[in-house]
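everything below, folded, please.
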Amino acid sequence: MPHAGLRILALCAALACLASAGFAQHQPREPSADATRPKDEALRAELLKMLEADQALRGRMVGANAEDQNFLREMQAFDAANAKRLAQIFKTHGFPGVKLVGADGTQAVVTLLLHTPSLELQKKALPHVKRAARRGELPGEAFAMLTDDALAHEGRPQLYGTNFDLVRGKLVLAKTKDPARLDARLTNTPDGAFEAFTVEQPLRKTQAGTSVKDRIFFAQRKTGRVYEILGLPEGHRPFRYLRWDGNRVFIFDRWASPHHGIRYKLDVSRRKLISAKAFIEADYVELLKKAPR
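Okay, the predicted model is just below:
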């Protein structure tokens, strides 16, 4: 892709470096309370309670014995009960969208669907989740993760690379369709306005080999302008799991060690850092849906 020129975007990893007052001036006007109030508050509360119980149960996985059959049976029974209740909700209300149960209620449904043993429920929900992601009501990764989970249920290769297998203590990309084009599927915004990519820059040769530095960029395709993101710590560490949340929020991870890293969120239209949050390996595994079924 021809680029009109390179623009350097220096970000400070510490959120204190953001001018919070100035950033607030660019926030869209908050909608009225009536416009954001879910139609079914009782159902929303139920879904949030189901999600809270789900996360509490899965939180016990940290430090638990992965071969504890009693715990696995408990989780399977819990997920089966949730699947039964979700099926009843779908039958009565259809897919619980944002207007019905609010954004957090709909996100709760998606998280529960990622843990459900019911492929039928996942496939029913997918078209609705896709439309919600296109409207910006759900993050784009919600559709990607649910798509990959449904494909895994069918024994088919995943499409977006959100599933990893734990092999001898290391995360390994699960079987993926056309992995050579995985980056293109993940790193272009849904509307095609922006793309993101990394470049390995060779630094010096040592006895162990040539050391490299990962550089990360995003580009505005219409103008051809390319922005490099600078000022992030752990410069010798690679960037991983590039993805978009909607059309303007770019998310990427950088491991700081084999067991923890930093997850960045960047608003590319404003060229502003939204957040930089530490995560540990257990959180990452949960994000990639490595919970026992």
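
return the set of buried residues in the helix ranked longest in the chain.
Taking DSSP state H as the criterion, the chain has its longest helix at helix 69-93. Taking 16 or more other Cβ atoms under 10 Å as the basis for neighbour counts, the residues of helix 69-93 that come out buried are Phe71, Met75, Phe78, Asp79, Asn82, Ala83, Leu86, Ile89, Phe90. C-beta here means a position set from N, CA and C on the backbone, and glycine is covered the same way.

so which elements touch that helix?
Judged by 3 or more Cβ pairs under 8 Å, 6 or more residues apart in numbering; DSSP states H and E, the packing partners of helix 69-93 are helix 41-59, helix 98-114, helix 119-134.

now the first one against helix 98-114, angle please.
In this case it means helix 41-59. The directions of helix 41-59 and helix 98-114 differ by 20 degrees, with axes from the mean of the first three to the mean of the last three Cα atoms, to 10 degrees as the criterion.

again with the shortest one
For helix 119-134 and helix 98-114, the angle between their directions (the same axes, to 10 degrees) works out to 130 degrees.

how about residues contacting helix 119-134?
Counting contacts by Cβ atoms under 8 Å, 6 or more residues apart in numbering, the residues outside helix 119-134 that touch it are 83, 86-87, 90, 94-95, 97-98, 106, 109-110, 113, 116, 138-140, 142-143, 146-147, 149-150, 153-154, 190, 246.

could I get the CA-only coordinates of the helix or strand encompassing Asp148 as PDB?
Per DSSP states H and E, Asp148 falls inside helix 140-153. What follows is helix 140-153 as a C-alpha-only set of coordinates in PDB (Å, rounded to 0.1, in the frame of the first residue of the first chain):
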ATOM      1  CA  GLY A 140     -15.700  -6.600  17.400                       C
ATOM      2  CA  GLU A 141     -13.700  -9.200  19.300                       C
ATOM      3  CA  ALA A 142     -17.000 -10.500  20.800                       C
ATOM      4  CA  PHE A 143     -18.100 -11.600  17.300                       C
ATOM      5  CA  ALA A 144     -14.600 -13.000  16.500                       C
ATOM      6  CA  MET A 145     -14.400 -15.000  19.700                       C
ATOM      7  CA  LEU A 146     -18.000 -16.400  19.400                       C
ATOM      8  CA  THR A 147     -17.300 -17.300  15.700                       C
ATOM      9  CA  ASP A 148     -14.200 -19.200  16.600                       C
ATOM     10  CA  ASP A 149     -15.800 -20.900  19.500                       C
ATOM     11  CA  ALA A 150     -18.700 -22.100  17.400                       C
ATOM     12  CA  LEU A 151     -16.300 -23.400  14.800                       C
ATOM     13  CA  ALA A 152     -14.300 -25.200  17.500                       C
ATOM     14  CA  HIS A 153     -17.600 -26.900  18.600                       C
END
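
show me what whichever helix or strand comes after that helix is packed against.
Once the chain leaves helix 140-153, the next helix or strand it forms, by DSSP H and E, is strand 164-167. In terms of contact count using 3+ Cβ pairs under 8 Å, 6+ apart, strand 164-167 is assigned the packing partners strand 170-173.

try 10 Å this time
strand 170-173, helix 281-287 (3 or more Cβ pairs under 10 Å, 6 or more residues apart in numbering; DSSP states H and E).

so where is the stretch 1-150 of the chain shaky, pLDDT-wise?
Applying pLDDT under 70 to the stretch 1-150 of the chain flags residues 1-36, 62-67.

one more time with 90, if that's ok
By pLDDT under 90, the low-scoring segments of the stretch 1-150 of the chain are 1-38, 55-73, 75, 103, 130-145.

hmm, Glu137 is touching Gly246, no?
Yes. The pair Glu137 and Gly246 passes the contact test of Cβ atoms under 10 Å, sitting 9.2 Å apart.

buried residues in stretch 158-173?
Taking 16+ other Cβ under 10 Å as the basis for neighbour counts, the residues of stretch 158-173 that come out buried are Gln158, Leu159, Tyr160, Gly161, Thr162, Asn163, Phe164.

err, stretch 110-124, not the other one
Residues Val110, Thr111, Leu112, Leu113, Leu114, His115, Thr116, Ser118, Leu121, Gln122, Lys124 are the ones in stretch 110-124 that count as buried (16+ other Cβ under 10 Å).

next one: stretch 226-238
For stretch 226-238, burial by neighbour count (16+ other Cβ under 10 Å) applies to Val226, Tyr227, Ile229, Leu232, Arg237.

from those, which land in helices?
Filtering the buried residues of stretch 226-238 for membership in helices, criterion DSSP H, returns an empty set.

show me which of the residues you listed is closest to Ile274.
Of all the buried residues of stretch 226-238, Ile274 sits closest to Ile229, with 12.8 Å by Cβ to Cβ.
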